[in-house]
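Colleague: heads up, no residue letters with this:
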């Protein structure tokens, strides 16, 4: 399939290959057992494949879509060997991701005419939210853009301190107040400061408490309203950070946050430490929100812009 005949940047691709090793090893081990002793794709193989996809955290609904697509191809081609299954799966999953991801970006970018470009980051505590913000700030700065961070997760002192550590590490200014301050007030100060500094990008951290969805909804709505007093139509992006290693729990978090606020993009972290990489496919499909970033390692460079072709190529390239 021509879309896979691409030359990817070697360093980034190596990190991605390595980051998906556990997911890939688990998936292909299961797939090998699913087709053992079979030469053609029949109902038994499809049933086994369904189980492989579900247990690889692709999710039930997305799995059924993939199975339906493969069934349609089997019906059309009349005969399909199990040796072709890897290629077919690869094509159908790429096709599914294409319905949510139109671009093939490899680097962060800021849409023209939006200055400062304001990103509000949401997600429960412990998913890698603050780390994602730090790594994202580093990528923007590397492109020569000026970045201001806002510590609007005022519920935990640790969140403010952690964001300060990242701001110092990356070398970008941070706007913060005392723990327990009004998050909207921090957001207001951050945007006001960014406008004065003529900054290119603003990244606002927010509290990740899901114990009461109504409170979360009210808090995020207030943060948005107050930001719009400084810069109209903000935030330009609401980025939800999910921990890929939690598998199906990440689906539940996505469900809760998409009900609480309008999420426009996703970051799936901690894929390097888990065999649950299939969650990226399921979340992208089920929520019809583009996965914009994936975390595939601890290093500052290991937050990658999600490129569907690179991801599918790494996931299905069993020669890696």
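Modeller: Cool, got the structure. Predicted, not measured: the structure shown is a model, and the values here were computed from it. Numbering: from 1, shown residues only.

Colleague: Need the per-residue pLDDT for the residue nearest to residue 179 when sequence neighbours are not counted.
Modeller: What sits nearest to residue 179 in space, not counting adjacent residues and going by Cβ to Cβ, 6 or more residues apart in numbering, is residue 157, at 4.3 Å. (Each C-beta comes from the backbone N, C-alpha and C, glycine too.) At residue 157, the model reports a pLDDT of 83.

Colleague: now do the one 5 residues further on
Modeller: We note a pLDDT of 94 for residue 162 in this prediction.

Colleague: which element is it on?
Modeller: helix 157-170 (DSSP states H and E).

Colleague: Likewise for residue 240?
Modeller: Going by DSSP H and E, residue 240 is part of strand 237-243.

Colleague: Next SSE downstream of that strand?
Modeller: Counting by DSSP H and E, what follows strand 237-243 is helix 248-260.

Colleague: Can you tell me what sits against that next one?
Modeller: Residues outside helix 248-260 that contact it (Cβ atoms under 8 Å, 6 or more residues apart in numbering): 57, 59, 122-124, 127, 210, 213, 216-217, 220, 240, 242-244, 246, 263, 266, 268, 279, 282-283, 286-287, 289.

Colleague: Could I get the average pLDDT for that helix?
Modeller: 87.

Colleague: in that helix, what counts as buried?
Modeller: Judged by neighbour count (16 or more other Cβ atoms under 10 Å), helix 248-260 contains these buried residues: 249, 250, 251, 253, 254, 257, 258, 260.

Colleague: ok, now stretch 206-221?
Modeller: 206, 207, 208, 210, 216, 219, 220.

Colleague: distance between the helix or strand that contains residue 311 and the chain's centre?
Modeller: With elements taken from DSSP H and E, the one containing residue 311 is helix 308-316. Its chain's average C-alpha position is 15 Å from that of helix 308-316, according to Cα atoms, centre = their mean, to the nearest Å.

Colleague: Adding pLDDT, secondary structure and distance to residue 15, write the buried residues of stretch 206-221 out as a markdown table.
Modeller: Formatted as a markdown table, the buried residues of stretch 206-221 follow (pLDDT from 0 to 100; DSSP: H, G, I helix; E, B strand; the rest coil; distance: Cβ to Cβ, whole Å):
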| residue | pLDDT | secondary structure | distance to residue 15 |
| --- | --- | --- | --- |
| 206 | 93 | strand | 28 |
| 207 | 83 | coil | 31 |
| 208 | 77 | coil | 27 |
| 210 | 64 | coil | 31 |
| 216 | 83 | helix | 33 |
| 219 | 89 | helix | 35 |
| 220 | 90 | helix | 33 |
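
Colleague: Specify which member of these is nearest to residue 38.
Modeller: Residue 38 has its nearest neighbour among those in residue 210, at 43.8 Å by Cβ to Cβ.

Colleague: So, low pLDDT: which residues of this protein?
Modeller: Within the chain, the ranges that satisfy pLDDT under 70 run 1-10, 101-106, 210-212, 318-320.

Colleague: what sits opposite the most centrally placed residue in it in the beta ladder?
Modeller: Geometric centre of the chain, nearest residue: residue 267, 2.4 Å, by Cα atoms, centre = their mean. Beta bridges link residue 267 to residue 241, residue 293, judged by DSSP bridges.

Colleague: these two touch, right, it and residue 242?
Modeller: Yes: taking Cβ atoms under 8 Å as the definition, residue 267 is a contact partner of residue 242 at 7.1 Å.
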